[in-house]
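A.B. asks: quick one, what's the 3D model for this:
(chains A, B, C and D)
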2 protein chains.
Amino acid sequence: MTINSGGGGTPHKVPTIEDVARLAGVSTATVSRSLNTPERVREGTRNAVASAVKTLGYTPNFGGQVLASRRTNTIGAIIPTMSNAIFAKALQALQETLAARNVTLLVATSQYAPDQEQAQLRTMLARGVDGIALIGNERPPEVYELLTSRRVPFALMWSHPDNLPYLSVGFDNAAAAAEVARHVLELGHRRIGYISGRTIGNDRAKARLSGVASTLAENGCELAADDVVLCDYSLEDGETAALRLLARRTRPTALICGNDVLAAGAMRGARRLGLAIPDELSITGFDDIDLATAVSPALTTVRVPHSRMGTTAGNLLLEWIDSGTQPKSVLFPADFIFRSSLTEAVPVP
Amino acid sequence: MTINSGGGGTPHKVPTIEDVARLAGVSTATVSRSLNTPERVREGTRNAVASAVKTLGYTPNFGGQVLASRRTNTIGAIIPTMSNAIFAKALQALQETLAARNVTLLVATSQYAPDQEQAQLRTMLARGVDGIALIGNERPPEVYELLTSRRVPFALMWSHPDNLPYLSVGFDNAAAAAEVARHVLELGHRRIGYISGRTIGNDRAKARLSGVASTLAENGCELAADDVVLCDYSLEDGETAALRLLARRTRPTALICGNDVLAAGAMRGARRLGLAIPDELSITGFDDIDLATAVSPALTTVRVPHSRMGTTAGNLLLEWIDSGTQPKSVLFPADFIFRSSLTEAVPVP
DNA sequence: TTGCAAGATGTAAGCGCTTACAACAACCTT
DNA sequence: AAGGTTGTTGTAAGCGCTTACATCTTGCAA
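C.D. replies: Below you'll find the predicted structure:
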């Protein structure tokens, strides 16, 4: 069935622009102008059209509009998952920004899988989106070529690729992670474990890991292969990873985690082993989602500008769509947030 | 600019179905059939079309398709917020279900505000969505009239309205909340506080409150006006509400909360007062999001079938769209989950 | 061989809207 | 008063696709 038929009722003729024009005693062009560029229509005419629209209950047909104007007023967003609160917040901000400009948001998830992201991307292009928001910058060149050849404005969120010429709205994951590592070192920790999200196709996870690893290395505290666990982003995975790291002969005094969910999972693992946090084990997260302050002790973490990224990406995409020229990328700060899950290292028995 | 022009490059002609037809040596009708109903085209012809499509890099124009087929293959979802993990999960399940059937998801949020929901709804209708998913059942009759008169299939999630003839995919909030109250009573609690989400336009919050209130009343444990706090769904609000309830001369021994976020907030409040949970204060939540097991002690709560609701709503909407007849509503169970945040009431000094 | 049903393809009429261009009116300017 | 602006509206040509219907093949029964 179509949106205008079926259902068992009367055929129910949906009014078209032509019906409005007839009733208002003007041409369809005037109706169209009256609706889209009211300032170009005399007030009296405009009112006549408005009242005809009202009595008929007219709504422009989307397909007709799209076909004729070659614009869908739709922007697509492909994020790894909606389960993580952080993407959800950015998405929400993006949606609000777009809604204010009368643009709707098409949403799809990739589950951190590059091929799924590409499939979703193709679907969105086929849907004729006017612009696209993506997370991160690591993808095969073909993807960027596709986007570029289609001339679809797109924004890369969450990262700050200085080797890519594309519009990005993000922050420096490596630098923020390095700062966490620095703080951990300053508090005297030397035996440190790192719990990371999987790094395939995930530049953020890679950058955070390398930020931590290089900072530790620079300070003579090299991260060995088995000081690092790669896993999915779930409480369970964080817990399992923590148990593994804490089972080692010389137990770490601090666990740096790739995000808050992993950190909360790690806390659960530590608790299972009867370790007091932060007295016997320090834990840090990344993202500063609500979870970070819901757990006890509250998580030391990095505040990521999720809402600002969403809002900014939306505005810049709209700007690009309207102007036809790619705006400049934006780099936001990501602040270190000190809370009680991190404290001085005490000598372990 | 349009999605096909601008950007400073060559005019860059996008191939149309006609170009494909010409190259493949067939008519546009055959190309269309070859793409949409391949079984109605001979294999040889189909291959010729396929290769023409490939060499030209053809993608059907969305506007043309919509206009001619009177279908957008798009479904809209309007949820209160994406910040709450629970809606996010349902949304994700919905999106995956739709994607598998080649339908895309348009998302908007209402911030729990009825007028915002209506505005978003109108936008979606204007976008010609083939179906709509909404949360809850409490809205002015005009909204349902609009939906019905437009003959747009829609599903109400999260609730189970037996007084409404519309398609719903939900669970019994009142019954689940009543069960929580019953357990709390059984453990000997008599001084009980309730922290609820705001109830205006929110039937789920209302149902949960009334389920708890009536169960308590039936057991001679009437909820007084100041035993209840209504607030927004945030950790801070939950914390503030808990502080208020716990400041009363006869402190409650149990706090029943309208959802897990409020419960986690309440835990934070209790902790601030130095109260041990569950020994000095029991707390229960609702929803069973990840947060419930991330906090310590883990929250006693109600498991809401978020993913199943998303999947089912998606399937039923698609079924309705294809068949033209409204499917039967679905009622899922919502199980009580016993965890350590709830324990026996001990006489308070 | 003929006739016919079933299958494959082509023809062409829209779907409802926007917009370039033309037409006209009203108002200045010189 | 003629010519030129500026502002308002109408005319009509598409935008790219689907699909009802017509036409042509093919295969097979009689």
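A.B. asks: spell out which parts of chain A neighbour DNA strand D.
C.D. replies: Within reach of DNA strand D by CB under 7 Å from any atom of the strand, chain A has these residues: A:25-30, A:33, A:40-42, A:44-45, A:67-68, A:70. All C-beta spots, glycine's among them, are computed from the backbone N, C-alpha and C.
A.B. asks: near DNA strand C, from these?
C.D. replies: Contacts with DNA strand C within those, as defined by CB under 7 Å from any atom of the strand: A:28-29, A:33, A:67-68.
A.B. asks: so of the residues of chain A next to DNA strand D, which ones are in helices?
C.D. replies: A:28-30, A:33, A:44-45, A:67-68 (DSSP state H).
A.B. asks: so which of the residues you listed wins on neighbours?
C.D. replies: Using other CB atoms under 10 Å in any protein chain shown as the neighbour test, those are led by residue A:30, with 21 neighbours.
A.B. asks: in contact with that one, which residues?
C.D. replies: Residues counted as contacts of residue A:30 (CB atoms under 8 Å, 6 or more residues apart in numbering or on different chains) are A:21, A:24, A:41, A:45, A:49.
A.B. asks: and the residue nearest the centre of chain A?
C.D. replies: Closest to where the C-alpha atoms of chain A average out (CA atoms, centre = their mean) is residue A:87, at 4.1 Å.
A.B. asks: give the helix, strand or coil label for it.
C.D. replies: Secondary structure for residue A:87, judged by DSSP: H, G, I helix; E, B strand; the rest coil, is helix.
A.B. asks: which residues touch it?
C.D. replies: A:79-81, A:135, A:306.
A.B. asks: residue A:175: how many residues sit nearby?
C.D. replies: For residue A:175, the count of nearby residues is 16 (other CB under 10 Å).
A.B. asks: would you double-check that it falls in a strand?
C.D. replies: No - counting by three-state DSSP, residue A:175 is not part of a strand but helix.
A.B. asks: what sits against it?
C.D. replies: Contacts of residue A:175 by CB under 8 Å, 6+ apart are A:211, A:334.
A.B. asks: what pLDDT is listed against it?
C.D. replies: The confidence metric pLDDT takes the value 98 at residue A:175.
A.B. asks: and if you look at residue A:261?
C.D. replies: pLDDT, residue A:261: 97.
A.B. asks: need the contact list for it.
C.D. replies: Applying CB under 8 Å, 6+ apart, the residues near residue A:261 are A:84, A:233-235, A:238, A:285, A:289, A:291, B:290.
A.B. asks: going by secondary structure, it is in what exactly?
C.D. replies: For residue A:261, the host element (DSSP states H and E) is helix A:260-272.
A.B. asks: name the residues of that helix that are buried.
C.D. replies: Buried residues in helix A:260-272, counted by 16 or more other CB atoms under 10 Å in any protein chain shown: A:260-270.
A.B. asks: tell me the secondary structure for the residue in the stretch 201-349 of chain A that DNA strand C sits nearest to?
C.D. replies: At 12.8 Å from DNA strand C, residue A:322 is the closest residue in the stretch 201-349 of chain A, using CB to the nearest atom of the strand. Following three-state DSSP, we place residue A:322 in the helix state.
A.B. asks: ok, it - how many residues close by?
C.D. replies: Residue A:322 has 12 neighbouring residues, counting by other CB under 10 Å.
A.B. asks: tell me the spacing between it and residue A:101.
C.D. replies: 10 Å (CB to CB, to the nearest Å).
A.B. asks: likewise for residue A:77?
C.D. replies: 15 Å.
A.B. asks: of the two, which one has the most company?
C.D. replies: Set residue A:77 next to residue A:101 and count neighbours by other CB under 10 Å: residue A:77 wins out with 30 against 13.
A.B. asks: neighbours around residue A:40, how many?
C.D. replies: Residues near residue A:40, counting by other CB under 10 Å, number 10.
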